[in-house]
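Trainee: Take a look and give me a structure for this.
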Amino acid sequence: MEIECCKEFLMDTARTLLTTDSPSGFTANAVAAAEKIAADLGYAARRTNKGGLIIDVPGREHTKKLGLCAHVDTLGLMCRAVTDQGELMITKIGGPILPTLDGEYCRIYTRDGRVYTGTILSLSPAAHVFDDALTRPRDEQNMAVRIDEKVRSAADVAALGIEVGNYVCLDPKTTVTPSGFLKSRFIDDKGSAACLLTLLKLMKDAGTRPRYDTEIHFTVYEEVGHGGATIPAGLDELLAVDMGCVGSDLTCTEYQVSICAKDSAGPYDYEMVCRLVELAKKNGVDYAVDVYPHYSSDVAVAWKAGGDMKAALIGPGVHASHGMERTHFDGMRETIKLIALYLECA
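Mentor: A predicted model of the protein is given here:
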């Protein structure tokens, strides 16, 4: 596959997904964006009752059914209280690294559809005022959202329609550099979702299909631990496409596809992992094999929910996960290559 010719499509798709706010539980707009891209490419898609998306890709043979999955839900925040001064106290959705959010811009969504902007700040935000501006903890008890409206009290905030339970969505600051880097929050896992949609375009343009009937699942609760619970138990195999980890004693870089042998939930299917490694070796795919000690995926949840499928995990190397993330076109390209080889597209 000539993936280089789809570089612009890949990055534009990633940008579309990344700039569509979708923390877990608030994902309808991101799902709609992915659904439209798939429909424009001519692929049938259907929604799950939980709000996820399944794209059906007919295979050349019908003796097995394979699944691919990526998640379009992200980390985020929610308003848990309003202070007497009109600030929003927060609670985490998923596991954002809160110190990295100090000073970040955000959007607050009300239940009646209004959207306000704000800034996430320490409760000691000014060096000229607070002795502990540098040392105060950056956690849920010591950070709040400053709303960009004239508010001086909780009553002023209520008058805007802002209340407890409203989503606070982070500005991802998505940037594609001339050197091929994709910088943004939430590359985990919208970068991989963009890879899957780009593979659909490549197959359409080349007139190819996977060997076996394939379902592509975009899950919407991965960051809070139950995204994969509704992936059908009857799949023969499931390949999760999520981020590859970079750092510590791991070998993966941002320019490679990572094949995960084991994460915090245990080992992936050994035969399937070996098959992916052999495919990469034989076809010149730049890859690394690693163990992720602080990681889990939709596969673990699908297995715990009773799924009797072989399963494995791959993804482009992503630096600074759950913070200000970065990957490179090379890593996304190698990921697409390996998925196409796994599917035996022809």
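
Trainee: Relative to residue 243, how far out is the closest residue to residue 94 other than its chain neighbours?
Mentor: With sequence-adjacent residues excluded and distances taken as C-beta to C-beta, 6 or more residues apart in numbering, residue 94 is closest to residue 223, at 3.5 Å. Yep, even glycine has a C-beta here, placed from its N, CA and C like the rest. Computed as C-beta to C-beta, to the nearest Å, the residue 223 to residue 243 distance reads 12 Å.

Trainee: where does residue 311 fall, helix, sheet strand or coil?
Mentor: Assigned with DSSP: H, G, I helix; E, B strand; the rest coil, residue 311 falls in the strand class.

Trainee: Test my guess that it contacts residue 241.
Mentor: No. Between residue 311 and residue 241 there is no contact under C-beta atoms under 8 Å: 11.7 Å.

Trainee: Which one of these two is surrounded by more residues?
Mentor: In this comparison of residue 311 against residue 241, neighbours counted by other C-beta atoms under 10 Å, the higher total goes to residue 241 at 28 against 24.

Trainee: pLDDT value on that one, please?
Mentor: pLDDT for residue 241: 98.

Trainee: And for residue 335?
Mentor: Model confidence at residue 335, given as pLDDT, is 98.

Trainee: Just to check, it is in contact with residue 189?
Mentor: No. Judged on C-beta under 8 Å, residue 335 makes no contact with residue 189 at a distance of 11.5 Å.

Trainee: joint contacts of these two?
Mentor: Residues touching both residue 335 and residue 189 (C-beta atoms under 8 Å, 6 or more residues apart in numbering) are 241, 315.

Trainee: Would you state the strands of the stretch 201-346 of the chain in chain order?
Mentor: Assigned by DSSP state E, counting those that start in this stretch, the strands in the stretch 201-346 of the chain fall at 212-219, 237-241, 244-245, 257-263, 266-267, 287-291, 310-318, 325-328.

Trainee: so which of these comes closest to residue 59?
Mentor: strand 212-219 (4.2 Å; C-beta to C-beta).

Trainee: could you dump the strands of the stretch 201-346 of the chain to a markdown table with distance to residue 85?
Mentor: What follows is these, written out as a markdown table (distance: least, C-beta to C-beta, whole Å):
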| stretch | distance to residue 85 |
| --- | --- |
| strand 212-219 | 39 |
| strand 237-241 | 44 |
| strand 244-245 | 40 |
| strand 257-263 | 43 |
| strand 266-267 | 47 |
| strand 287-291 | 46 |
| strand 310-318 | 38 |
| strand 325-328 | 33 |
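
Trainee: Out of the ones you listed, which is closest to residue 124?
Mentor: That would be, of those and by C-beta to C-beta, strand 325-328, which comes in at 27.5 Å.
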